[in-house]
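In: This is a predicted model, with the sequence first.
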Amino acid sequence: MLIIFNDNDYQYQYVAVRATKKCIGDSQAYVYAWLYRIYMSEKKKSVLLSDVSIEGDIVEKDEIIIDAKINGDIKSTDVTTYSNSNIKGNIKSTNASLGGKLKGNVNADQINIRKTADIDGVLNQKTLSVEEGASLKIKAQTYDK
């Protein structure tokens, strides 16, 4: 039996422990700890699909994948945008992979601009890579590692 649940959803954690106990008896705490290590300690991904529209800032601890319309700033460890994304705001992250429309500034250690990108703003990064075909109206600033 395999139970996957969100670490913020305590009801499912309770159910997972109880269901595991019924299946294997007293060693349920060990299985629960094992499940927690495997599924809860992994890097989380948040996905915003093209039918989503957000007015306001977004803060995500781990990774966010965006194919949506956002009017606000984004802060995350990893930001990935796709061709349907339309962002009006600034992005601050460690790694940014941009493939959609962006009107705003990007501050990241590593920026990868894909050919589907349409960017208007200032890029501040350690490393920058640009695929052929991207539409750019940018000022790029490199800072030391």
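Out: On my side now, so go ahead. It should be emphasised that the depicted structure is a prediction, and the values quoted were computed from it without experimental measurement.

In: From the contact counts, what lies against the longest strand anywhere in the chain?
Out: Using DSSP state E to define each element, the chain has its longest strand at strand 118-130. Here strand 118-130 touches strand 101-103, strand 106-113, strand 135-142, going by 3 or more Cβ pairs under 8 Å, 6 or more residues apart in numbering; DSSP states H and E. Every residue, glycine included, has its C-beta placed from N, CA and C.

In: how far is it from where the chain is centred?
Out: 18 Å (Cα atoms, centre = their mean, to the nearest Å).

In: Now do the buried residues in it.
Out: 118-119, 121, 123-125, 128, 130 (16 or more other Cβ atoms under 10 Å).

In: do stretch 90-102 as well
Out: 90-93, 95-102.

In: In strands only, show me those residues.
Out: Going by DSSP E, the strands hold 91-93, 95-98, 101-102 from the buried residues of stretch 90-102.

In: Please convert those residues to a markdown table, extending it with pLDDT and distance to residue 57.
Out: Formatted as a markdown table, these follow (pLDDT from 0 to 100; distance: Cβ to Cβ, whole Å):
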| residue | pLDDT | distance to residue 57 |
| --- | --- | --- |
| 91 | 98 | 11 |
| 92 | 97 | 10 |
| 93 | 97 | 13 |
| 95 | 97 | 19 |
| 96 | 98 | 16 |
| 97 | 97 | 20 |
| 98 | 97 | 18 |
| 101 | 97 | 18 |
| 102 | 98 | 15 |
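
In: got these as TSV, with distance to residue 144 columns?
Out: Supplementary listing: these in TSV, determined by distance: Cβ to Cβ, whole Å:
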residue	distance to residue 144
91	21
92	18
93	18
95	18
96	18
97	22
98	22
101	30
102	25
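
In: Farthest pair within the residues you listed?
Out: 95 and 101 (19.5 Å; Cβ to Cβ).

In: Make JSON lines from the helices and strands packed on strand 118-130 and add distance to residue 46 to it.
Out: Output for the helices and strands packed on strand 118-130, formatted as JSON lines (distance: least, Cβ to Cβ, whole Å):
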{"stretch": "strand 101-103", "distance to residue 46": "18"}
{"stretch": "strand 106-113", "distance to residue 46": "17"}
{"stretch": "strand 135-142", "distance to residue 46": "26"}
